[in-house]
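[1] Need the 3D shape of this:
(one chain, ligands or ions: 1)
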Amino acid sequence: MTSIRDAFQTMAWGTAPESPATAEAWLARHPKGFGHSIGGAWVEPSAGERFATTNPATGAELARVAQGSKEDVEAAVRAARAAQAAWWALGGHGRARWLYALAREVQRNSRLFAVVESLDNGKPIRESRDIDIPLVARHFYHHAGWAELMETELAGYGPVGVVGQIIPWNFPLLMLSWKIAPAIAMGNTVVLKPAEFTPLTALLFADLCHAVGLPAGVVNVVTGDGRTGAALVEHPGVDKIAFTGSTEVGRIIRAATAGSGKRLSLELGGKSPFLVFEDADLDSVVEGVVDAIWFNQGQVCCAGSRILAQEGVAARLVDKLRARMETLRVGSPLDKAVDIGAIVAPVQLEKIRQLVEQGIAEGATCWQPSWSLPREGLFYPPTLFTDVTPAATVAQVEIFGPVVVLMTFRTPAEAVEMANNTRYGLAASVWSENLNTALDIAPQLKAGTVWVNCTNLFDAASGFGGYRESGYGREGGKEGLWEYLKAERRKDGKTESDPSPSVLPSFRPSVLPSGLPPIDRTPKLYIGGKQVRPDSGYALPVLDSAGNRVTEVGRGNRKDVRNAVEAAHHAERGWATATAHTRAQVLYYVAENLAVREREFAERLRALTGSSEDAAALEVRASIRRAFVYAAWADKYDGRVHATPIRNVTLAMNEPIGVLGLVAPSEAPLLGFLSLVLPAAAMGHSVVAVPSERWPLLATDLYQVLDTSDLPAGVVNIVTGTRKELAPVLAAHDDVDGIWFFGPREEAAEVERLSTGNMKRTWAEWEPRDWLDAHEGQGEEFLREATQVKNIWVPYGA
Ligand code: ADP
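    The predicted structure follows:
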C-alpha cells in the first residue's frame, strides 16, 4: 500500500474519470439509431442506410447514424426553404430571442455535450468542457446580439436564403455553432451536414432544437459522408455553401459550385508558423507550443505546426520542449487529468504515422517522449522534428496530428520569409517580449489570424479564416456576418443629384493636356507604367455604335497577362505599404486630371457608344466623383478592435489580398472600368485590368491621366483584348491572388472553376449593374471585396 509520504514524493497522478452515464442514457433513447433532423422532427433515412460512429479511444460502437441520400438532402432543403421567409419576417428581435434560447440550452446541457463530444471525437474532456462547449454558447449569445442589431447596424442587407453547411470532425459542435449562429441570426435557414466520424453532438443539438420548439425547418441536420456533402453542394435550391475541411475537398466544392450563383465560403487547411524571437519568454513559449500543437491532438486546422526559432535560442528551446513533452499525459479522453486524447479514426492515425516515417526517411531528427502509449485505442505520442529543411514534406504538408517541426532563422526578414513559405495562410503566432517587433512582424505574415504571445485563441467577436489556399470568408465578428448577407438592391440616384460643374472649382491642369491620342493610332497595352505593343502583334477593331470601324487596339494574350502580373507584383509591396494618405492623394490626383479632360472623355464616349451628350457627360462626372469617393475611403475603411473576453485586444485589420485581376463590364466603359480599379487601388492592390472589350478606348485614354497622377508604375496595368481569351488566363494564374469578373454567366463559371489552382478569391457577377447609381456602383461592397481581415490578438497584463 502506498503511504501518504510515498505518494507525496512520487507525485504520481491518479485517474480522474468523467462519467459517461448521462451520455449513454441519451444514446439509449435512440436505440434503432438516429435519423435526420428535418423540418423540426426526426426523419428516417430514405434509403434506410445507416453506419456506425465509434469511440476512437476504445473502438466501441457508440451509435448508428443515417447515411443521407439525395432524397434526404432534397427533403431538408425543402424544409429549410419553406421556413425561410417566416424566419426572416420574425425580425431581428424575434431571432435574437431564439438564439439566446439556444445559447441557454447549450449551457444547461454543457456537461452532456462535453462528454458526448469527447466520446465521439476522442478529445480530452478538459478541452471539450472548458473550451469547445463554452465557446459554442458564446457564439449563440454573441450572434443573438447581431440579430438584435441587424435592422440598424446592417440596414440595406438581407439574408442569402437557404444555406448548406458542411463541417469537419475536429471541433464538431464548435464548427456547428460557427456555422449556424451567424446564418440564422441574419435570417437564413440551414441544412447542416456534420462529419461522418463525429455526428453525435450535432444530433444532440438537433434534439435540443426540437425540445425548445425552434420553428421547424430553421435548422436541419442531415448526416452522412462526403456523398451527402456533395449532394448538398450540388442541390440547386441552396443559395450558399459554407464549408470547413480539407483544401482538396474545398477545391472540389469551388469547382462544383462554379457558375451556379451559389455564394461560397471556405475554411481550409493550414501549416501555421509559430515564430520565436530571441527575446521571447521561453517558458511561456513552451506552454504556447503545448497549446499550439498538442491541443486536440494537433487535429486543428490552425495548429502551430511549424516552430521557427531564432538561432540563439533554438537549442535551449528544444531542451525545454523535450522536458515538457516528457510530462504530457496521453490517455482516455474522459480522464480529466489527460492532456492528449485519441486520434479520431484509424485512417487519420495511419496518415500521421506515414508522414512521420517520411520525415525520418527524408533525414529529419524525430523525438518522442520515453513513456509508452496506452495499449488500446487510437493514440499517438507528441512528436518533435528537428534538423528539418524548409522543403521537407513534414515542413510543408498539413499532418493534422500531434507532430511539430522546428526550424531556425537568423533575422526578422528571414523569419517572415520562412513563415510565408507555404501555400496556406490560416494563422500564425509571434513570440517576442518586444511589442514593436511583434507588431512589425504580424502584418507581414500571410495569415488570417496572428496571435502575439498566445496561440489558438478563438472567440465569437473575432473573425477567423484564411489567406491563400486556406480559403476565404470569415467566421465570427462583424466581418463574418457578410457571408450570410446579401445587399438589397436599391437605387438611391445619388449620382444624379451631383451639383452642376459650374459651381465646382475648376482644376488647373498640372500638365498641359495634349489632347487624347488621335483616333487613327493603335493604342498599346499599359504594363509597368509603359505603353507596350501586344506580344501577339495583332490588333482588334473598335467599332462605334453605328458599326463603323474607328480604330484598333492591341490584342493582348497570355504572355502579356504574364508580363502585367509580373509588373503588378513588382509594384505590389510598395503600394500596399504606402500610407493610406499617400494612396488617397494619388486617387485625388487621378480625379483632378480626369476633370481637366472631362469634355474630351465625354466626347469620346458619345462618339463611340452613341449615347446622348448628357449621358456621356454624366458618366464622366460620375467617374470623377468615384475617384473622390475612393480617395476618401482610402484612409477610412479601417478595421475594428474586437472585444474578446480575455485580457486581450484583438485588432481586426483590413489588408489587401495581393495582385488582383479585374475584368471590367462591357457597358459603361469608363465608369465600369474605374469602378473596379479605384477601390482596388485605394485598398493597396496592384491590378491587371481588362477593359470593356467593346469600347476599350476609354481605358486606353486613361494612360496619360495615370501617368500624370503620381501613380507608381505597375500599380494599374491594362491589357486590352478579348475577354474570353484574357479572363481565363487571369483566373488560372497562380500569382494572381484574386479576380473580379463582370461578364456573361458561362464565362463567369469558367473563371470560378479555373480559380481553384491557387484557390484565389473570386467575385464573379453576370447580372448587369447600374454603374451610375451610387449604391450599386460603389461603396463598401467593393471595399469588402478588396480586403481581407486579419485578426491580431494582443494579450495584456502588467
Ligand atoms: P477532413 O480532412 O477534416 O476530414 P474533409 O474535407 O475530408 O476534411 O471533410 C470535411 C467535411 O466535408 C466532412 O463533413 C465530409 O463528409 C465532407 N465532404 C467530403 N467530401 C465531400 C465532397 N466531395 N463534397 C462535399 N462534402 C464533402
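[2] Tell me the bridge partners for the residue most central in space within the chain.
    Closest residue to the average C-alpha location of the chain: residue 472 at 2.4 Å, with Cα atoms, centre = their mean. Following DSSP bridges, residue 472 is listed with bridge partners residue 266.
[3] Number of residues surrounding residue 100?
    Residue 100: 17 surrounding residues under other Cβ atoms under 10 Å. C-beta: built from backbone N, CA, C; applies to glycine.
[4] hmm, I was thinking of residue 767
    If you count neighbours by other Cβ under 10 Å, residue 767 ends up with 8.
[5] Is it in a helix, a strand, or coil?
    The three-state label given to residue 767 by DSSP: H, G, I helix; E, B strand; the rest coil is coil.
[6] Look up the closest residue to the one residue in the chain that gets nearest to the ligand, ignoring the ones flanking it.
    Using Cβ to the nearest ligand atom, the single residue of the chain nearest to the ligand is residue 229, 2.2 Å away. Residue nearest to residue 229 in three dimensions, not counting chain neighbours: residue 166, with 4.7 Å by Cβ to Cβ, 6 or more residues apart in numbering.
[7] what's the answer for residue 202, then?
    residue 194 (3.9 Å).
[8] what ranges do the strands span in the stretch 651-798 of the chain?
    659-663, 686-690, 716-718, 738-742, 761-765, 788-795 (DSSP state E, counting those that start in this stretch).
[9] can those strands go into JSON lines with extra columns for distance to the ligand, mean neighbour count and mean pLDDT?
    JSON lines is the format used below for the strands of the stretch 651-798 of the chain (distance: least, Cβ to the nearest ligand atom, whole Å; neighbours: other Cβ atoms under 10 Å; pLDDT from 0 to 100):
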{"stretch": "strand 659-663", "distance to the ligand": "27", "mean neighbour count": "29", "mean pLDDT": "98"}
{"stretch": "strand 686-690", "distance to the ligand": "32", "mean neighbour count": "28", "mean pLDDT": "98"}
{"stretch": "strand 716-718", "distance to the ligand": "36", "mean neighbour count": "29", "mean pLDDT": "98"}
{"stretch": "strand 738-742", "distance to the ligand": "23", "mean neighbour count": "26", "mean pLDDT": "98"}
{"stretch": "strand 761-765", "distance to the ligand": "19", "mean neighbour count": "20", "mean pLDDT": "97"}
{"stretch": "strand 788-795", "distance to the ligand": "22", "mean neighbour count": "24", "mean pLDDT": "95"}
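[10] Dump those strands into CSV; add distance to residue 316 as well.
    Shown next, in CSV, are these (distance: least, Cβ to Cβ, whole Å):
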stretch, distance to residue 316
strand 659-663, 41
strand 686-690, 42
strand 716-718, 49
strand 738-742, 42
strand 761-765, 41
strand 788-795, 23
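[11] Out of those, the one nearest residue 240 is which?
    strand 761-765 (14.4 Å; Cβ to Cβ).
[12] And the pLDDT for residue 334?
    What the model reports as pLDDT for residue 334 is 97.
[13] List the contacts of the spatially closest residue to residue 722 that is not a sequence neighbour.
    Spatially, and ignoring its direct neighbours in sequence, residue 722 is nearest to residue 693 (5.9 Å; Cβ to Cβ, 6+ apart). By Cβ atoms under 8 Å, 6 or more residues apart in numbering, residue 693 lies in contact with 666, 721, 722, 723.
[14] Give the PyMOL command for selecting the buried subset of these.
    Selecting only the buried entries of the contacts of residue 693 in PyMOL, with 16 or more other Cβ atoms under 10 Å as the criterion:
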select buried, resi 666+721+723
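[15] Which two of the contacts of residue 693 have the greatest separation?
    666 and 721 (13.0 Å).
[16] phi, psi of residue 221?
    phi -120, psi 120 (degrees, to the nearest 10).
[17] and it, what is it in contact with?
    Counted by Cβ under 8 Å, 6+ apart, residue 221 has contacts 36, 37, 191, 192, 193, 194, 202, 203, 205, 206.
[18] So which of those residues are in strands?
    Counting by DSSP state E, the contacts of residue 221 place 36, 37, 191, 192, 193 in strands.
[19] Could you pick out which of these are also in contact with the ligand?
    Counting by Cβ under 6 Å from any ligand atom, residue 193 from these sit close to the ligand.
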